[in-house]
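>>> here is the input, now give the coordinates:
(one chain, ligands or ions: 1)
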Amino acid sequence: MTPVRVLGISGSLRVGSYNRALLRAAGELAPSNGIELTELDLSPIPFYDGDVEAAGDPDAVADMRHAVRESDAVLLATPEYNRGTSGVLKNALDWLSRPALASVLRWKPVGVVGASTGRGGTRRAQQQVREALLFPGAHVLDDPEVAIPLAWEHFDADGRLTNEETQAALESLLGGLADLARARTATQAA
Ligand code: FNR
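Residues are numbered from 1 along each chain as shown. Predicted coordinates:
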């Protein structure tokens, strides 16, 4: 079976990020769900600016749009900063939401996950990400939830996801995302 191409995007840029570690864990679980996961780095993406957009997408933005367009599904891993998502991820979603009503996110199957060191496990950040995906028209997977609180309890010192319950939830989310992507491909082919 052709693998489902999933584009993983972390809203945290730091090397030791729990959210990047979460995407790596998803990448390890991916093959058993028929998924091929690649990660997109948001560090080269400039701040959204309508004047810059009007003059033509910067290369990094054009590359990001292309990567999303070519993917069968997107997996967003959000940190939580001050009860919301990171500016880095919100900025990327603002770029991707353009042009209005013709976004590359339209009908795109999207999974949202996140890890934080607080007790809420990015639930509030994920809510904000889901809201930002409404207008662009993404098809966001609702279940199962992967919102990891007290992240250090779920990962080892090398950033490997060791908590079995969290692994199972992530695996189940990947399965759901792959099913959604396959259903969309089948509809497009029909
Ligand atoms: C945080 N952190 C945090 N955690 C949380 O659960 N709720 C919150 O509102 C916040 N707010 C917050 C603001 C700022 C500016 C920082 C830098 C951090 C802690 C956060 O969860 C922790 O730093 C994570 O490790 C960030 O994710 P990455 O970088 O590990 O992926």
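
>>> gap between Tyr18 and Arg98?
30 Å (CB to CB, to the nearest Å). For the C-beta atoms, the positions are set from N, CA and C on the backbone; glycine is no exception.

>>> same deal with Leu7?
Distance from Leu7 to Arg98, counting by CB to CB: 18 Å.

>>> pick out whichever of those two has more residues nearby.
Just comparing Leu7 and Arg98: by other CB atoms under 10 Å the higher neighbour count belongs to Leu7, 21 against 17.

>>> just confirm that one contacts Arg69, I think it does.
No. Counting by CB atoms under 8 Å, Leu7 does not reach Arg69; the two are 9.8 Å apart.

>>> would you mark the buried spots in stretch 90-103?
Neighbour counts over stretch 90-103 (16 or more other CB atoms under 10 Å) mark 90-98, 103 as buried.

>>> ok and the residue in the chain nearest the ligand?
Nearest residue of the chain to the ligand (CB to the nearest ligand atom) works out as Gly118 at 2.2 Å.

>>> need the contact list for that residue.
Applying CB atoms under 8 Å, 6 or more residues apart in numbering to Gly118 gives the contacts 80, 149-150.

>>> try it again with 7 Å
80, 149 (CB atoms under 7 Å, 6 or more residues apart in numbering).

>>> circling back to that earlier point, can you lay out the buried residues of stretch 90-103 as TSV showing distance to Arg123?
Below are these laid out as TSV (distance: CB to CB, whole Å):
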residue	distance to Arg123
Lys90	16
Asn91	21
Ala92	20
Leu93	18
Asp94	22
Trp95	25
Leu96	23
Ser97	22
Arg98	28
Ser103	25
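
>>> can you flag which of those residues belong to strands?
Among those, no member falls in strands (DSSP state E).

>>> so which of these belong to helices?
90-96 (DSSP state H).

>>> how about the residue nearest in space to the middle of the chain, phi and psi?
For the chain, the residue nearest the mean C-alpha position is Leu76 (1.3 Å; CA atoms, centre = their mean). Reported as degrees, to the nearest 10, the phi and psi values for Leu76 are phi -100, psi 130.

>>> so it touches Arg130, yeah?
No. If you go by CB atoms under 7 Å, Leu76 and Arg130 don't touch, sitting 9.6 Å apart.

>>> mutual contacts of these two, please.
Listed contacts common to Leu76 and Arg130 are Val112; contacts here mean CB under 7 Å, 6+ apart.

>>> where do the helices sit along the chain?
Assigned by DSSP H, the helices in the chain fall at 18-29, 50-55, 59-70, 87-96, 123-132, 164-189.

>>> need those in a markdown table (columns: distance to Val110 and mean pLDDT).
Putting the helices of the chain into a markdown table (distance: least, CB to CB, whole Å; pLDDT from 0 to 100) gives the following:
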| stretch | distance to Val110 | mean pLDDT |
| --- | --- | --- |
| helix 18-29 | 13 | 98 |
| helix 50-55 | 22 | 98 |
| helix 59-70 | 10 | 98 |
| helix 87-96 | 10 | 98 |
| helix 123-132 | 9 | 98 |
| helix 164-189 | 8 | 94 |
